[in-house]
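Engineer: Quick one, what's the 3D model for this:
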Amino acid sequence: MRKNPGVILFLIILVAVVAAFFVYPKNFGVKFMPWRLGLDLTGGSHLVYNVDLSEVKSGERDLVLNGLRDVIERRVNFFGVSEPQVYLAQSANNYQIVVELAGIKDVSQAIQEIGATPLLDFREVEINGSSTEFIRTNLTGRYITGAQLTFNPNTQAPQVSISFNDEGGKIFEMMTAKNVGKPLAIFLDSALIEMPTVQEKISGGQALITGKFTLDEAKKLVERFNAGALPAPITLVSQQTVSPSLGADSLKKGIIAGIIGTFLVMVFMIAYYRFFGIFAVIALLIYIFLTLGIFKIIPITLTLAGLAGFILTIGMAVDANILIFERTKEEMKKGFSRTTAIEEGFKRAWPSIRDSNTSTIITAIILYFFTSSFVKGFALALLIGVLVSMFSAITTTRLLLKVFVKDEKQRVSTNIN
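Structural biologist: The predicted model follows:
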């Protein structure tokens, strides 16, 4: 940066210009990658389901909940919902699944499908040349008492253990005796989740599914078994619908608020810091384009809370510049040249900038991991904004001042006698 500040500054400005075209909500910006907008900005439905885990053992509740969430995600995908959000919430002993369906048209059908109990069933497999036929049986998830993740004692490879009740164990024994050497298909909500090969007749109501599983794949299979097997009915307790027009109005107001806020910050910086304020404004514009570009590339689902978090960071983005400029002014009053005063200003302002932004980053991380989705959107936007603003203040503003601010040349007086 010391050797070629102009080149590095040019590259940063170039990236910011490309980002500006990329984030523009029309033409190239939409064709390349459209914005992901949340429920409150694009309209849709917010559904809350209570999960009855009274018949599920405490040690199996997480597996059941994760399995149910996976099943519901599969179901809402059939409706062509744009970026559905399905997440778990807990309050005391009350377990809930929250579903956000942005832009969905047929809400009643979605509610009907989501509320159905997950159906797990076993099917025999008939392979006729190039075609495969799955034959339904009477062995379903209601005969399964649970599934667990286990490990092979010799190889430590992950495997899935399934337990049947007495009636299910007898049905499974007859089925495996009939299909030794053949695959047995396992379906969840009519979607094939596994097709292991039967090695021998299995008695006693205990089965072991082995294969080349990764640990995550084995866990996912256990969750799906438990979701379709254990009794955990879900009940719709809350439904909120946001109209598309209301979402568009919220987005429009948020954008207007952001533009007004940015303009006022720019006016203040130029009016108070004059020459230095111009560089702060340029750095702020670069910050805005880079941050929005990161939002779109990750990509994150932009909600009204996230938009508020981003607008907040616009004001916070100039905090570092204010600290630097004030320190620079103090150094210039001491008689230092402009370039020396700027270097000292950055050096002395850095500890304050680092500490204040670190505390904000810690707060944003805590909010993201320990709160609900709306606050998570705010926290994520705040976190990204603070990180980019630190780069903007310490790198972009510094490069601008290095390139365009020079020491005043001393006037040399000459006397002729």
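
Engineer: who touches residue 353 in this structure?
Structural biologist: 319-320, 323-324, 390, 393-394 (Cβ atoms under 8 Å, 6 or more residues apart in numbering). The way it works is simple: take the backbone N, C-alpha and C, and place the C-beta from them, glycine included.

Engineer: Please apply the same query to residue 375.
Structural biologist: Here residue 375 is in contact with 305, 367 (criterion: Cβ under 8 Å, 6+ apart).

Engineer: Give me the buried subset of the contacts of residue 353.
Structural biologist: Those of these that meet the buried threshold are 319-320, 323-324, 390, 393-394, by 16 or more other Cβ atoms under 10 Å.

Engineer: could those be laid out in CSV, adding pLDDT?
Structural biologist: CSV is the format used below for the buried ones among the contacts of residue 353 (pLDDT from 0 to 100):
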residue, pLDDT
319, 85
320, 85
323, 87
324, 87
390, 86
393, 80
394, 82
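
Engineer: Closest to residue 289 out of the residues you listed?
Structural biologist: Of all these, residue 393 has the smallest distance to residue 289: 15.5 Å, by Cβ to Cβ.

Engineer: So the closest residue to that closest one other than its chain neighbours: helix, strand or coil?
Structural biologist: Spatially, and ignoring its direct neighbours in sequence, residue 393 is nearest to residue 320 (3.3 Å; Cβ to Cβ, 6 or more residues apart in numbering). Under the three-state scheme (DSSP: H, G, I helix; E, B strand; the rest coil), residue 320 adopts helix.

Engineer: Surely residue 320 and residue 349 touch.
Structural biologist: Yes. Between residue 320 and residue 349 a contact is recorded at 7.2 Å, counting by Cβ atoms under 8 Å.

Engineer: can you give me the strands in the stretch 301-417 of the chain?
Structural biologist: In the stretch 301-417 of the chain, no segments count as strands under DSSP state E, counting those that start in this stretch.

Engineer: what stretches of it score poorly on pLDDT?
Structural biologist: By pLDDT under 70, the low-scoring segments of the stretch 301-417 of the chain are 372-374, 407-417.

Engineer: Helices of that one, residue ranges please.
Structural biologist: With DSSP state H, counting those that start in this stretch as the criterion, the stretch 301-417 of the chain has helices at 304-317, 319-333, 338-370, 373-391, 398-404.

Engineer: Just want the phi and psi numbers for residue 127.
Structural biologist: phi -110, psi 120 (degrees, to the nearest 10).

Engineer: before we move on, the earlier item: would you turn the helices of the stretch 301-417 of the chain into CSV with distance to residue 4?
Structural biologist: Listed next are the helices of the stretch 301-417 of the chain as CSV, based on distance: least, Cβ to Cβ, whole Å:
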stretch, distance to residue 4
helix 304-317, 25
helix 319-333, 22
helix 338-370, 17
helix 373-391, 18
helix 398-404, 10
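
Engineer: So for residue 55, which of those helices sits nearest?
Structural biologist: Short answer: helix 373-391, nearest of the helices of the stretch 301-417 of the chain by Cβ to Cβ, at 28.3 Å.

Engineer: So what's the gap between the closest one and the chain middle?
Structural biologist: 12 Å (Cα atoms, centre = their mean, to the nearest Å).

Engineer: buried residues in it?
Structural biologist: For helix 373-391, by 16+ other Cβ under 10 Å, it's 373-374, 376-390.

Engineer: Likewise for stretch 62-82?
Structural biologist: 63-72, 74-76, 79, 81.

Engineer: Please apply the same query to stretch 286-295.
Structural biologist: 286-295.

Engineer: Need the residues that contact that stretch.
Structural biologist: Counting by Cβ under 8 Å, 6+ apart, 12-13, 15-20, 22-23, 262, 302, 310, 313-314, 317, 381, 384-385, 388-389, 391-392, 396 sit against stretch 286-295.

Engineer: now that stretch: mean pLDDT?
Structural biologist: Stretch 286-295 comes out with an average pLDDT of 91.

Engineer: and what of stretch 207-224?
Structural biologist: Stretch 207-224 shows a mean pLDDT of 86.

Engineer: tell me how far the ends of that stretch are from each other?
Structural biologist: Start and end residues of stretch 207-224 are separated by 16 Å (Cα to Cα, to the nearest Å).

Engineer: chain center to it, what's the gap?
Structural biologist: That offset, for stretch 207-224, works out to 26 Å (Cα atoms, centre = their mean).

Engineer: buried residues in it?
Structural biologist: Within stretch 207-224, the residues scored as buried using 16+ other Cβ under 10 Å are 207, 209, 213, 218-224.

Engineer: Pipe these into CSV and attach secondary structure per row.
Structural biologist: Formatted as CSV, those follow (three-state DSSP):
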residue, secondary structure
207, strand
209, strand
213, coil
218, helix
219, helix
220, helix
221, helix
222, helix
223, helix
224, helix
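
Engineer: ok, of the residues you listed, which one's closest to residue 345?
Structural biologist: Looking across the buried residues of stretch 207-224 and measuring by Cβ to Cβ, the closest to residue 345 is residue 219, at 53.1 Å.

Engineer: any idea of the angle the helix or strand hosting residue 260 forms with helix 304-317?
Structural biologist: Using DSSP states H and E, residue 260 sits in helix 244-273. In terms of direction (axes from the mean of the first three to the mean of the last three Cα atoms, to 10 degrees), helix 244-273 departs from helix 304-317 by 0 degrees.

Engineer: The very next helix or strand once past helix 244-273: how far from the chain's middle?
Structural biologist: Per DSSP H and E, the first helix or strand lying C-terminal to helix 244-273 is helix 275-297. Centre-to-centre, helix 275-297 and its host chain are 23 Å apart (Cα atoms, centre = their mean).

Engineer: Helix 275-297 vs helix 319-333, what angle?
Structural biologist: 160 degrees.

Engineer: tilt between helix 275-297 and helix 338-370?
Structural biologist: Going by the same axes, to 10 degrees, helix 275-297 is angled at 30 degrees with respect to helix 338-370.
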